[in-house]
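>>> Give the three-dimensional model of this entry:
(2 chains)
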Amino acid sequence: MSLTPPAPAERSPVALHERAVADLRFIRQTMEGTAAFTTLSGAGLVVIGLSALAAGAVAGRAPGATWLGVWVAEAVLAVAVGVLTTAWKTRTARLPLLAGPLRKFGLALGAPLLVGTVLTIALARAGFHAVLPGAWLMLYGSGLLAGGAFSIRLVPVMGACFLGLGVATTLAPAALGSPALLVGFGGLHVVFGLLVARGHGG
Amino acid sequence: MAEPARRRARERAAAPAAAPRKARGAAHRDLDALLHHRLRLGLVSALAAADSLSFNDLKGLLDISDGNLSVHARKLEEAGYVTCTKTFENRRPRTDYRLTAAGRQALGRYLSHMEAIIRAAKDTLGR
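Numbering: from 1, shown residues only, chains lettered A, B, ... in the order given. Next comes the predicted model:
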């Protein structure tokens, strides 16, 4: 490799340096972006959706202590499935699990999930179980929308669907809360999981 | 160099592919012309980070049209930097791209060249 000495005018080393820095940044961003594209597991989303449908069948329609317990257990299971299937797909693609966009996605999704956990405790204590389905759907949708900036386009679209469903659920009669959870955490996950699996593998 | 002229020179050098070849100077003589194009550089970088990527993956990742991706992927394929595999998945055609050893080496050379330019600039500015 040969580099000529810096020359005046257009051959300014500052200009070349800036172009080189921009190229290196572009390469790094592209490689990091690739990690986010290839590691979201469509199969994992489908499994989460199916487990949510099963949880909905077990929990029943009337919000209460048992209903809450089942849905909290389902949330823990869904997080575990999501992390494990992402780790599996990341390893299959020979990519680092904590690559930049994946880490940012986790942080963006993690904050609303934490808020959801605290709100669940507070609202359940106060006996406001009927408010929970809408709040869960809206918070999860917000997290997906924010995290979707670092992932494939389907993710923010899925987030928008969850957010819209959450808003509708919050404004609708309380009796529609449990069916909305089935449609959202069950149906939307299965549909988007199949779309991700078809378009981006596993 | 006067500030406006310096700014123009910087903008020319920073503009991807649009900068006139002549203006880039002799330091670019050894640059891989194929990889100097921003889109092809993106293609190779993406493939360097994954075992293989489908046509749809690359299209979404780089936010480009089908035609643009086909043209530039073919140029890389002709240069031996990537391989293209066409298969059927559920009766739907699927195209997968993979970086070859030559492509990985070319990206490595390009990265080394960029780093050398940065080092040279730092040395010059440090004098």
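>>> End to end on stretch B:87-105, go ahead and measure it.
Chord length of stretch B:87-105, first to last residue, is 27 Å (CA to CA, to the nearest Å).
>>> again but with stretch A:174-193, I slipped
28 Å.
>>> how far out from the middle of the chain is that stretch?
Relative to the centre of its chain, stretch A:174-193 is centred 16 Å away, using CA atoms, centre = their mean, to the nearest Å.
>>> what about that stretch and chain B, any contact?
No: with CB under 8 Å from any CB of the partner chain as the criterion, chain B is not reached by stretch A:174-193; the gap is at least 14.7 Å. Glycine gets a C-beta too; all of them are placed from N, C-alpha and C.
>>> Give the buried residues for that stretch.
A:174, A:176-178, A:180-190, A:192-193 (16 or more other CB atoms under 10 Å in any protein chain shown).
>>> Stretch B:107-121 too?
Along stretch B:107-121, these residues count as buried under the neighbour rule (16+ other CB under 10 Å): B:107, B:110-111, B:113-114, B:116-118, B:120-121.
>>> Output stretch A:29-49 as CSV - backbone C-alpha positions only.
Extracted C-alpha coordinates of stretch A:29-49, given in CSV (Å, rounded to 0.1, in the frame of the first residue of the first chain):
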residue,chain,number,x,y,z
GLN,A,29,-22.5,1.1,11.5
THR,A,30,-23.4,-1.3,8.7
MET,A,31,-21.8,-4.2,10.4
GLU,A,32,-23.6,-3.4,13.7
GLY,A,33,-26.9,-2.9,11.8
THR,A,34,-26.5,-6.3,10.2
ALA,A,35,-26.4,-7.9,13.7
ALA,A,36,-29.8,-6.4,14.5
PHE,A,37,-31.2,-7.5,11.1
THR,A,38,-30.2,-11.1,11.5
THR,A,39,-30.8,-11.8,15.1
LEU,A,40,-34.5,-11.2,15.7
SER,A,41,-36.0,-14.6,15.8
GLY,A,42,-39.3,-15.0,14.0
ALA,A,43,-39.8,-18.5,15.4
GLY,A,44,-39.3,-17.0,18.9
LEU,A,45,-42.1,-14.5,18.3
VAL,A,46,-44.4,-17.3,17.2
VAL,A,47,-43.6,-19.3,20.3
ILE,A,48,-44.3,-16.2,22.5
GLY,A,49,-47.6,-15.7,20.6
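>>> how about that stretch: buried residues?
A:30-49.
>>> quick revisit: reformat the buried residues of stretch B:107-121 into a markdown table and put secondary structure and distance to chain A next to each item.
A markdown table is the format used below for these (DSSP: H, G, I helix; E, B strand; the rest coil; distance: CB to the nearest CB, whole Å):
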| residue | secondary structure | distance to chain A |
| --- | --- | --- |
| B:107 | helix | 8 |
| B:110 | helix | 8 |
| B:111 | helix | 7 |
| B:113 | helix | 6 |
| B:114 | helix | 4 |
| B:116 | helix | 5 |
| B:117 | helix | 4 |
| B:118 | helix | 5 |
| B:120 | helix | 5 |
| B:121 | helix | 3 |
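>>> who's in contact with the residue lying closest to residue B:47 once chain neighbours are set aside?
Among residues not flanking residue B:47 along the chain, residue B:99 sits closest, at 4.0 Å (CB to CB, 6 or more residues apart in numbering or on different chains). Contact analysis of residue B:99 by CB atoms under 8 Å, 6 or more residues apart in numbering or on different chains lists B:44, B:47-48, B:81-82, B:107.
>>> Ok, residue A:69 next?
Contacts of residue A:69 by CB under 8 Å, 6+ apart: none found.
>>> Tell me which helix or strand the residue nearest in space to the middle of chain A sits in.
Geometric centre of chain A, nearest residue: residue A:144, 4.2 Å, by CA atoms, centre = their mean. Applying DSSP states H and E as the criterion places residue A:144 in helix A:132-147.
>>> Restricting to C-alpha, output that helix in PDB.
Listed in PDB are the C-alpha atoms of helix A:132-147, where the atom choice follows Å, rounded to 0.1, in the frame of the first residue of the first chain:
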ATOM      1  CA  LEU A 132     -53.700  -3.400  33.200                       C
ATOM      2  CA  PRO A 133     -54.400  -4.900  29.700                       C
ATOM      3  CA  GLY A 134     -54.400  -1.500  28.000                       C
ATOM      4  CA  ALA A 135     -51.400  -0.300  30.000                       C
ATOM      5  CA  TRP A 136     -49.400  -3.500  29.200                       C
ATOM      6  CA  LEU A 137     -50.200  -3.200  25.400                       C
ATOM      7  CA  MET A 138     -49.300   0.500  25.200                       C
ATOM      8  CA  LEU A 139     -46.100   0.100  27.100                       C
ATOM      9  CA  TYR A 140     -45.000  -2.900  25.100                       C
ATOM     10  CA  GLY A 141     -45.900  -1.100  21.900                       C
ATOM     11  CA  SER A 142     -43.900   2.000  23.000                       C
ATOM     12  CA  GLY A 143     -40.900  -0.200  23.700                       C
ATOM     13  CA  LEU A 144     -41.100  -1.900  20.300                       C
ATOM     14  CA  LEU A 145     -41.500   1.400  18.600                       C
ATOM     15  CA  ALA A 146     -38.400   2.800  20.300                       C
ATOM     16  CA  GLY A 147     -36.300  -0.300  20.000                       C
END
